[in-house]
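Peer 1: quick one, fold the following:
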Amino acid sequence: MTCVVDPERNEVKALRRIAAWRGLRVIEIGCGDGRLTLRLAALGARVLAIDPDADAIRGARRSLPERFAERVRYRVGRAGRLFGRKESFDLAVFAWAL
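Peer 2: As a prediction, the model looks like this:
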């Protein structure tokens, strides 16, 4: 069975209301399979997407469309260990994660 998430694109509409994403450096915490990551990239953001689940990250990397390869990086990681990063971000996204 195919799972269709947000066929009305309400999530994208809501994201557009939050920010002008084009060119922003975004960290997505708890990216899972990268579904939201791809939506952020389609809006023009440059995204570092992290998740503690290595299998989810492997799957997200495998399904990354070539057109987003320059804008998306997937990493295994946890939100509690971000303080050592020497990167800065314009926005942080933490959605649908526990």
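Peer 1: so what's Arg75 bridging to?
Peer 2: Applying DSSP bridges to Arg75 gives these bridge partners: Ile50.
Peer 1: pLDDT score assigned to it?
Peer 2: At Arg75, the model reports a pLDDT of 94.
Peer 1: would you mind measuring from it to Glu11?
Peer 2: Separation of Arg75 from Glu11 (Cβ to Cβ, to the nearest Å): 23 Å. All C-beta spots, glycine's among them, are computed from the backbone N, C-alpha and C.
Peer 1: repeat for Ala49
Peer 2: Look at Ala49 and Glu11: by Cβ to Cβ, they are 16 Å apart.
Peer 1: tell me which of the two has more neighbours.
Peer 2: Ala49 (29 against 15; other Cβ atoms under 10 Å).
Peer 1: just the element for the residue nearest the centre of the chain, please.
Peer 2: Central residue of the chain (Cα atoms, centre = their mean): Thr37, 2.6 Å from the mean position. Counting by DSSP states H and E, the element that carries Thr37 is helix 35-42.
Peer 1: Arg73 is in contact with Val47, isn't it?
Peer 2: Yes - the criterion here is Cβ atoms under 8 Å, and Arg73 meets it with Val47 at 7.2 Å.
Peer 1: who has more neighbours, those two?
Peer 2: Val47 (28 against 15).
Peer 1: hang on, the earlier thing: which positions within the helix holding Thr37 qualify as buried?
Peer 2: Buried residues in helix 35-42, counting neighbours by 16 or more other Cβ atoms under 10 Å, are found at Leu36, Thr37, Leu38, Arg39, Leu40, Ala41.
Peer 1: biggest separation within those, which pair?
Peer 2: Farthest-apart pair in the buried residues of helix 35-42 is Leu36 and Ala41; separation 9.8 Å (Cβ to Cβ).
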